[in-house]
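Engineer: Structure for this input, please:
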Amino acid sequence: MVRRLAAVDMYGTVGSPLRRRVILVEFWAGVVLCASGGAALAAVGQGGNRVFGWWLLSVAINYVPLALSATSLSRPGALDTELAGVDVRAQLRYYGVAQLVIAVPLAVAVLALAQSFRSRRDDRGR
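Structural biologist: I've put the predicted structure just below:
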């Protein structure tokens, strides 16, 4: 789900190279900006600001697997291979809503870990 979310977001409706770069930068900016802002607020904030800081840190952690996926999908042909045979428009509708999971603390990170363990287990079974 995580890699596909990154792929569909990078492709958009027409798959332009500019969009691919913008989404890649967006994911890495999400990591850096959420982590730095969250760390600052968690360290020196009071009350609600401190809680918001910890939430931002969890969002930064959610962006890491998306950024890593987008980076790997930036290699020539990787995005096309990932989306081969996929109805991108239908996936855009689904993942447009599914992106809200980024705001759930650690949800994307946990999904990415679960998928990683599942794919390793499946690879060993072959």
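
Engineer: how about T13, what does it touch?
Structural biologist: T13 makes contact with 88-89, 92 under the criterion C-beta atoms under 8 Å, 6 or more residues apart in numbering. (C-beta placed from N, C-alpha, C; glycine too.)

Engineer: Check whether it sits in a helix, strand or coil.
Structural biologist: Per DSSP: H, G, I helix; E, B strand; the rest coil, the local secondary structure of T13 is coil.

Engineer: now do the same end-to-end measure for stretch 79-91.
Structural biologist: Across stretch 79-91, the terminal residues are separated by 14 Å (C-alpha to C-alpha, to the nearest Å).

Engineer: roughly how far apart are the residue of the chain most remote from its centre and D123?
Structural biologist: For the chain, the largest distance from the centre (C-alpha atoms, centre = their mean) belongs to Q46, which lies 29.2 Å off. With distances taken as C-beta to C-beta, to the nearest Å, Q46 is found 48 Å from D123.

Engineer: And for D80?
Structural biologist: In terms of C-beta to C-beta, D80 sits 23 Å off from D123.

Engineer: more crowded one of the two?
Structural biologist: Shown here are D80 and D123; by other C-beta atoms under 10 Å, D80 has more neighbours (12 against 8).
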